[in-house]
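A.B. asks: Sequence first, predicted coordinates after that:
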Amino acid sequence: MPKVILKRKAEVIAEISLLRKKKISVGSSRDNDIVISDKNISEHHCTIEIKDGTYELKDNNTLTGTKVNGRSVTIFELRPGNIISLGTHSLTIRPESGRQGQKTTDSGLSDGPKMYLLGIYGKYEGKKYEIIQGDTYIGREDSNPRGMVNDIALKEDMTVSKGHAKINCAAEKCTLTDIGSTGGVAVNGIKVGQLNDITISSGDEIAIGRTIFRFVIGDTADYSSSKKYGVFMMKMQRLISFVALFGILGVSVFYIYKGISGLSTLSASPAKLNIDFMQGWSADGNMPHEALVPYDVTSSPAMADINRDGTVDVVSVNATGKLYAWDGKNGRSLWDSVDIQAPGSASPVISDMNNDGFQDITVVSGNSMIYVIDGQSGVVVYKDMLGGTIKDLSPAVADLNLDGRNDIVVCSEEGSVYFIYSPGFETQTEKYTDTVEAPVYASPVIVATRKISPLAVISSYNSKVYIIDGRNREKKTIDLSERTGKAHLLAAAPGVGDLNGDGTPDIVVQSTLPQYISAIDISQFDVKWTYFVDPVPPGGLKHNASPVVTDVTGDGLGDVVAVSANGTVYALKGKTGYPAGELLWKLEVPESGRMLSSPALYDFNKNGSLDIAFAGESGTIYLVETGNDKRGNRLLAMTRASNSSITSSLSIGDADGDGLLEFAISDVTDSVHLLKTNARVFKNRVPWPMFLSGPGRTGMPADTESKQPFAIMLISGIAAALTALAVKFLAKKKVLMKRPKVVYL
């Protein structure tokens, strides 16, 4: 069966068996029988026609011409062994297999058995190079330093010298010579040595650079693994590289899936939001009691994975002075309740106080004690007597002096402000006490950004707001009565957020009776606007709900959402030129009774803006859409959560790890309820962990997931890039291992 062998220098690219076709076209165009990609070859360069057992070559009037055995021809009758030169490529007709003798063709070229180097390991694995009679030069470039053309150019292997080796063949006797290579040549594992030569036989294995070749005589295509080199480690490296490659592919696919799943979670909005009781969940050991009369704001539960078991836990303090921690999935107690002695209405704060990686609980008692309790074990790691009445004022936790350890700020009604530095580290603990004008009914908050040092914000009932630097303890005062001409009876923790886009948080305060909402620019220590809430809330209340800051209008600036005890929710524009404030919308909540529950923030309907969740005196939980259009004052959902009044704030998180949000809330009888929603969230996430959210009581979500889409897209992008690189590597590897094509025409 005649063959046409296509080569680029010594490299065999394809072997074309001539079975049926009598006329074969050769050129660079893809419609040819033999396609050669070479800029020096015309689209339809020449034809080979079989006539009565002979092969006639015809050049198609090309510019570069066609040569046979180095001589330009137009029409030529080919004989076996003739070499047709086309640019950098060549074609040779070989007779049927098994009919090759030791005769000499008309061209003077030997038609004896052919000899080849087969790449069996390394960069040129799968390649096939023909060894001609006479000299075959091997090197890294097209020619060696002596000016001799390299028939085999191993350009992709920098360990190969420009002029590396030479094989000289006379009949079937071949000699390999190291012509002065740097890395050397080895035959069957034995170095030849510079300028030395060695006789090679069929089956010998020759190492040149990073490739092992097998020398064969005849058409034997033995590409099997090396038998004469200790290539076990090399094979292991290949195996390890492929395992690592597929590992990267697996990780990439996983993170792409996570990215798609995460983006789906961020955008998935239920057709209708529902709130239902958590099936099979009850707080282990918690005993409800008769509601105290009169009642006011009560302690709010908190949510966090305090023992790091992968499940979100619920922490609550009841009116008898017991601190509980329950597994959020089943309500089982994590440890025995801790007796902290009648705390009043102060809420627990969850934060890592001793840098051990576990969340701790900071809480105050009714007898002016402050406790830090280890979340993993329930052991008290710090306690101290502070003095004054602090039973209704929740502490704030943050790194005030920027030493990498969390500190505590807590106030007494008598106006004492206690700074406790590093309470989780006994040898490091330092206390500092300042004073503000009494009485103080509002819990402190912390303002902390990259632009400013951590600031403690304390609101006095006598219309004054104090700002104390946590590092240098410098104190500044803003007198709202003096600045606005209106008395602000402040009994709720302020909200914090950037209202004007200057990168520095502003403070929003909400007074009791009369009810004013004022925005304070702390960078200029100036009151920007004051809004009067009408109708007037009912009297007889010591405390009221705290406002929150969120982007209602969708302009990238913070706006104010406030829940009034009169049963109305107000949304006010954060940046406005009106000194009296600017109302965006208000919503009268049905069947609420008085509302003392401070709102919690989360984007329940996935429309890009944070919604609010709060409770009413009627025992009902409400979800209200805040923006970002005129439909913002829409009631998304409501459900009766308790037969008793609810005056605590909610915490929000995925308590049971199913990717759906739950609410934790307690009523005035100390009954703790866990309610499930159909709003999706990342598993085990807690976007609103406690009263007024973050440890510093900043009035903003601890984890709004605003950065999650970007993080997911980044991870997915990196994973996709790794996947593309891996696929490219595999494709390249496949090309390198591809043997000469066998074509039947």
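C.D. replies: Received the coordinates, thanks.

A.B. asks: thinking residue 451 is in contact with residue 498, fair?
C.D. replies: No. Residue 451 lies out of contact with residue 498 (C-beta atoms under 8 Å); the separation is 10.5 Å. For every residue, glycine as well, the C-beta is placed using N, CA and C.

A.B. asks: Could you pull out the residues contacting both of the two?
C.D. replies: Residues touching both residue 451 and residue 498 by C-beta atoms under 8 Å, 6 or more residues apart in numbering: residue 504.

A.B. asks: Which one of these two is surrounded by more residues?
C.D. replies: A direct count of neighbours by other C-beta atoms under 10 Å for residue 451 and residue 498 places residue 498 higher, at 19 against 10.

A.B. asks: show me what contacts that one?
C.D. replies: By C-beta under 8 Å, 6+ apart, the neighbours of residue 498 are 504-506, 549, 557-558.

A.B. asks: which one of the residues you listed is nearest residue 621?
C.D. replies: Minimum distance to residue 621 across the contacts of residue 498 is 21.7 Å, recorded for residue 549 (C-beta to C-beta).

A.B. asks: ok, that closest one - contacts?
C.D. replies: By C-beta under 8 Å, 6+ apart, the neighbours of residue 549 are 495-499, 506, 508, 558-561, 574, 699-700.

A.B. asks: next one: residue 35
C.D. replies: 27-29.

A.B. asks: which residues does it bridge with?
C.D. replies: residue 27 (DSSP bridges).

A.B. asks: where does it sit relative to residue 3, distance-wise?
C.D. replies: 17 Å (C-beta to C-beta, to the nearest Å).

A.B. asks: which secondary element of this protein has the worst mean pLDDT?
C.D. replies: Lowest by mean pLDDT, DSSP states H and E among the helices and strands of the chain is helix 708-736, with a mean of 64.

A.B. asks: thinking again about what came up before, export the contacts of residue 549 to a markdown table and append columns for pLDDT.
C.D. replies: What follows is the contacts of residue 549, written out as a markdown table (pLDDT from 0 to 100):
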| residue | pLDDT |
| --- | --- |
| 495 | 92 |
| 496 | 92 |
| 497 | 90 |
| 498 | 91 |
| 499 | 93 |
| 506 | 93 |
| 508 | 95 |
| 558 | 92 |
| 559 | 94 |
| 560 | 95 |
| 561 | 94 |
| 574 | 94 |
| 699 | 56 |
| 700 | 58 |
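
A.B. asks: from those, which is closest to residue 567?
C.D. replies: Comparing these against residue 567 with C-beta to C-beta places residue 561 closest, at 15.0 Å.

A.B. asks: Does the closest one touch residue 551 like I think?
C.D. replies: No. With contacts counted by C-beta under 8 Å, residue 561 stays clear of residue 551, the gap being 10.4 Å.

A.B. asks: Name the residue in the two with the higher neighbour count.
C.D. replies: Higher neighbour count among residue 561 and residue 551: residue 561, with 27 against 19, using other C-beta under 10 Å.

A.B. asks: Report the secondary structure state of the more buried one.
C.D. replies: Secondary structure, DSSP: H, G, I helix; E, B strand; the rest coil: residue 561 is strand.

A.B. asks: do the one 10 residues further on as well
C.D. replies: Secondary structure for residue 571, judged by three-state DSSP, is strand.

A.B. asks: so what's it up against?
C.D. replies: By C-beta under 8 Å, 6+ apart, the neighbours of residue 571 are 552, 559-561, 583-586, 626-627, 632-633.

A.B. asks: what about the closest residue to it other than its chain neighbours, how many neighbours?
C.D. replies: Once flanking residues are discounted, residue 571 sits nearest to residue 584: 4.2 Å by C-beta to C-beta, 6 or more residues apart in numbering. Residues within reach of residue 584, counting by other C-beta under 10 Å, total 20.

A.B. asks: Could I get the buried residue list for whichever strand or helix holds residue 584?
C.D. replies: Here residue 584 is covered by strand 583-588, with elements defined by DSSP states H and E. If you call a residue buried by 16 or more other C-beta atoms under 10 Å, then strand 583-588 has these buried ones: 584-585, 587.
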